[in-house]
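[1] Here's a sequence, model it:
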Amino acid sequence: MTRPVPGAEAIDPDVDLHVPAQRAEPQGRVLAAVAAGGAVGASARYGIFLLWPAAPGAFPWATLVVNAAGCALIGVLMVLIGEGGRAARHPLVRPFAGVGILGGFTTFSTYAVDFARLLDEGEAGTALAYAGLTVVAALGAVWAAAAVTRRAVRGRAAAR
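    Below you'll find the predicted structure:
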């Protein structure tokens with residue numbers, strides 16, 4: 001097991017702290033990008049929940065779909081940023097789209113609340129099915145979307 005080095009900072013791949021200009025760069029633009037993206041993502045999730053509310057004791061399909069779709073989009077975004085083109089090079093793409101929009105859109109806190117609500121309502125079987133299906137759907141979505149996007153990016157590059 002590796003232990004963290006005392007005084008070491010977390011590494012952000014968008015910032016190279018060895019470059020003095022980046023070390024001193026104000027983070028206001030990044031915070032603004034995250035906030036704007038978060039407002040977009042959270043508003044989209046709220047709209048979906050208004051259109052598709054879960055009845056008491058019912059399976060929370062909207063939360064499952066939102067989290068699986070968000071994970072799929074995160075898989076796409078990470079491939080495009082890691083292996084993508086010009087747009088992926090902009091330093092605010094990941095904070096705006098990944099942290100902001102998709103962080104605001106996905107809602108694993110609601111997943112936990114839905115699970116607890118189902119248990120409190122005596123729906124243990126539904127709660128366990130929901131817990132397991134959400135994990136499988138989220139992990140499967142991010143894996144499948146990343147794999148498909150990676151193939152598409154490679155196919156596009158090979159066609160050039």
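
[2] Any stretches of the chain with poor pLDDT?
    1-17, 21-26, 84-88, 157 (pLDDT under 70).

[3] Apply 90 and report the result again.
    Applying pLDDT under 90 to the chain flags residues 1-30, 54-58, 80-94, 108, 153-160.

[4] longest helix of it?
    For the chain, the helix with the greatest residue count under DSSP state H is helix 124-159.

[5] Could I get the contacting residues of Leu119?
    Ala127 (C-beta atoms under 8 Å, 6 or more residues apart in numbering). In short, each C-beta sits where N, CA and C put it, glycine included.

[6] That one: which element?
    Using DSSP states H and E, Leu119 sits in helix 108-120.

[7] Mind listing what's buried along that helix?
    Neighbour-count burial for helix 108-120, with 16 or more other C-beta atoms under 10 Å as criterion, is recorded at Thr110, Tyr111, Asp114, Phe115, Arg117, Leu118.

[8] and if you look at stretch 36-55?
    So, applying 16+ other C-beta under 10 Å, buried residues of stretch 36-55: Ala36, Gly37, Gly38, Val40, Gly41, Ala42, Ala44, Arg45, Ile48, Phe49, Ala54.

[9] Tell me the one among those residues nearest to Phe96.
    Gly37 (4.2 Å; C-beta to C-beta).

[10] Could you pull up the residues touching that closest one?
    Pro95, Phe96, Ala97, Val99, Gly100, Ile101, Leu102, Gly103, Gly104.

[11] and which of the buried residues of helix 108-120 is nearest to Gly28?
    Thr110 (29.9 Å).

[12] Now the closest one: closest residue in space that isn't a chain neighbour?
    Leaving aside its sequence neighbours, Thr110 sits nearest to Thr63 (C-beta to C-beta, 6 or more residues apart in numbering; 5.1 Å).

[13] Please report how far Gly75 lies from Ala147.
    8 Å (C-beta to C-beta, to the nearest Å).

[14] quick one, which of these two is more surrounded?
    Using other C-beta atoms under 10 Å as the criterion, Gly75 and Ala147 rank with Gly75 on top: 22 against 12.

[15] Surely the more buried one touches Ala146?
    Yes: with contacts counted by C-beta atoms under 8 Å, Gly75 reaches Ala146, the gap being 3.6 Å.

[16] picking up where we left off before, for the contacts of Gly37, give me CSV that also has neighbour count.
    Formatted as CSV, those follow (neighbours: other C-beta atoms under 10 Å):
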residue, neighbour count
Pro95, 24
Phe96, 23
Ala97, 23
Val99, 17
Gly100, 25
Ile101, 26
Leu102, 22
Gly103, 18
Gly104, 22
